[in-house]
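Student: give me a 3D structure for the following:
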Amino acid sequence: MKVIGGSLALTLSFVLISLAWAGQDQDKKKKEQKDQPKGKVLELAKVSALSIDSELNDGDGKYGDKDHAKIYEVKLAKGKTYEMYLIMKGGFDPYLYLEDAKKKLLAEDDDSGGGLNSLIVFKAPEDGVYRVIATHFDENATTGNFRLLILEKPEK
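Tutor: Next comes the predicted model:
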């Protein structure tokens with residue numbers, strides 16, 4: 001996990017994290033989540049951002065008509081607004097879905113995050129666990145590295 005100071009503008013935070021990710025070497029000194037441990041719900045309650053580096057690969061499950069998908073369960077707080085970015089490190093066109101705990105689709109996005117990256121802005125209607133699904137847009141089976149970034153927008 002990566003904590004980002006609440007006083008930074010979200011756009012600036014996104015740019016800085018994206019630049020840092022693009023230039024990072026294999027020796028990761030940052031504390032970042034690498035996939036979600038089975039049965040563990042990720043929480044943003046004590047931090048303002050969550051950063052997950054992972055990849056879509058042949059071992060992933062399917063989501064709808066998508067051949068590769070990673071599903072993350074995240075606890076969100078009622079009334080808080082979140083920005084969820086799916087940033088690709090090349091190789092395929094990202095697609096992002098958001099569901100409630102009962103698997104009801106709440107939002108989806110293809111290219112709102114700049115270039116081919118996905119962005120969902122979501123105000124949680126209630127406290128609870130939500131499912132964030134990282135996958136691809138292409139019809140053909142595609143794989144590659146990505147970063148899932150979830151930012152809590154500061155209240156005004």
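Student: top strand in the chain by residue count?
Tutor: Under DSSP state E, the strand in the chain containing the largest number of residues is strand 66-76.
Student: what about dumping the CA coordinates of that strand to PDB?
Tutor: What follows is strand 66-76 as a C-alpha-only set of coordinates in PDB (Å, rounded to 0.1, in the frame of the first residue of the first chain):
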ATOM      1  CA  LYS A  66     -13.300 -11.300 -20.800                       C
ATOM      2  CA  ASP A  67     -10.700 -14.100 -20.800                       C
ATOM      3  CA  HIS A  68      -8.500 -12.500 -18.000                       C
ATOM      4  CA  ALA A  69      -9.600 -10.600 -15.000                       C
ATOM      5  CA  LYS A  70      -8.400  -9.800 -11.400                       C
ATOM      6  CA  ILE A  71     -11.100  -9.100  -8.800                       C
ATOM      7  CA  TYR A  72     -10.300  -7.000  -5.700                       C
ATOM      8  CA  GLU A  73     -12.700  -6.600  -2.800                       C
ATOM      9  CA  VAL A  74     -12.300  -3.100  -1.300                       C
ATOM     10  CA  LYS A  75     -14.100  -1.700   1.800                       C
ATOM     11  CA  LEU A  76     -15.500   1.800   1.000                       C
END
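Student: and it, what does it pack onto?
Tutor: With contacts defined as 3 or more CB pairs under 8 Å, 6 or more residues apart in numbering; DSSP states H and E, the secondary structure elements packing on strand 66-76 are strand 42-43, strand 49-56, strand 61-63, strand 128-136, strand 144-152. Every residue, glycine included, has its C-beta placed from N, CA and C.
Student: nearest to Val121, of the ones you listed?
Tutor: Nearest to Val121 among the helices and strands packed on strand 66-76 is strand 144-152; the distance by CB to CB comes to 9.8 Å.
Student: report the contact partners of Asn117.
Tutor: Residues in contact with Asn117 (CB atoms under 8 Å, 6 or more residues apart in numbering) are 85-88, 94, 111.
Student: helix, strand or coil for Asp111?
Tutor: Assigned with DSSP: H, G, I helix; E, B strand; the rest coil, Asp111 falls in the coil class.
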